[in-house]
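Colleague: structure here, sequence nowhere to be found:
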């Protein structure tokens with residue numbers, strides 16, 4: 001951390017992607033809003049717990065595959081109304097069709113997700129955002145992973161509830177994640193007990 005003259009570098013990140021409104025070109029493609037060779041218009045909404053936060057009107061013109069396209073954004077955001085254009089590049093996919101990328105308005109680099117900060121949409125790097133997991137210890141990351149898998153299994157969020165083999169595989173991964181989280185938690189307790197000089201070691205019953 002350190003003060004003036006300590007030599008410590010100040011953090012360059014201003015927030016987490018999980019707390020930021022975003023547009024994901026992969027999700028837009030799954031929803032049918034992004035279509036190579038076509039021009040489409042649609043409205044997207046952001047909400048938390050059923051409460052509407054913001055909405056944006058999108059006009060995505062990909063009618064010229066060779067030259068790429070552009071997405072026009074008209075949105076009512078927390079900081080006010082914005083109008084912005086974001087270029088889209090389409091590259092041939094080895095499996096057929098095209099893969100689409102946003103071109104960050106700040107860095108001119110390809111990205112698949114743009115985030116809203118400071119009144120504009122841009123890539124994670126340009127907006128100086130980090131992932132919440134980067135500030136977590138190993139135990140917290142394991143617990144977060146298990147919580148996300150439980151949420152996916154229950155069908156929460158935008159992803160459909162997994163079925164068949166996908167569900168079986170996800171249940172297996174959840175059990176592994178829960179075991180990993182429990183093991184890390186117990187290891188942490190034992191280390192704390194060792195440092196404090198406690199005679200009684202935590203067991204599996206102390207979770």
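Modeller: Looks like it arrived, so ask away. If you're wondering where the values come from, they're calculated on a predicted model, not measured in any experiment.
Colleague: quick one: the helices in this structure, in order.
Modeller: 25-30, 138-154, 164-196 (DSSP state H).
Colleague: tabulate those helices (TSV), appending distance to residue 45 and mean pLDDT.
Modeller: Yep, even glycine has a C-beta here, placed from its N, CA and C like the rest. Formatted as TSV, the helices of the chain follow (distance: least, Cβ to Cβ, whole Å; pLDDT from 0 to 100):
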stretch	distance to residue 45	mean pLDDT
helix 25-30	13	93
helix 138-154	20	77
helix 164-196	27	78
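Colleague: nearest to residue 69, out of those?
Modeller: Closest approach to residue 69 among the helices of the chain is made by helix 25-30 (10.9 Å; Cβ to Cβ).
Colleague: which strands and helices lie in contact with the closest one?
Modeller: strand 98-103 (3 or more Cβ pairs under 8 Å, 6 or more residues apart in numbering; DSSP states H and E).
Colleague: what residues of the strand it packs on count as buried?
Modeller: 99-103 (16 or more other Cβ atoms under 10 Å).
Colleague: a markdown table please, covering those residues and showing pLDDT and distance to residue 174.
Modeller: A markdown table is the format used below for the buried residues of strand 98-103 (pLDDT from 0 to 100; distance: Cβ to Cβ, whole Å):
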| residue | pLDDT | distance to residue 174 |
| --- | --- | --- |
| 99 | 89 | 30 |
| 100 | 93 | 32 |
| 101 | 95 | 32 |
| 102 | 97 | 33 |
| 103 | 97 | 37 |
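Colleague: need the contact list for residue 42.
Modeller: 31, 33, 57-58 (Cβ atoms under 8 Å, 6 or more residues apart in numbering).
Colleague: can you check residue 63 too?
Modeller: 37-39, 69.
Colleague: of those residues, which belong to strands?
Modeller: The strands, defined by DSSP state E, take in 39, 69 from the contacts of residue 63.
Colleague: burial count for residue 170?
Modeller: Per other Cβ atoms under 10 Å, the neighbour tally for residue 170 reads 16.
Colleague: how many other residues sit next to the residue lying closest to it once chain neighbours are set aside?
Modeller: In space, and not counting its chain neighbours, residue 170 is closest to residue 162: 5.2 Å by Cβ to Cβ, 6 or more residues apart in numbering. Number of residues near residue 162 (other Cβ under 10 Å) recorded here: 16.
Colleague: so residue 162 makes contact with residue 150?
Modeller: No - look at residue 162 against residue 150 with Cβ atoms under 8 Å: they stay out of range, at 12.0 Å.
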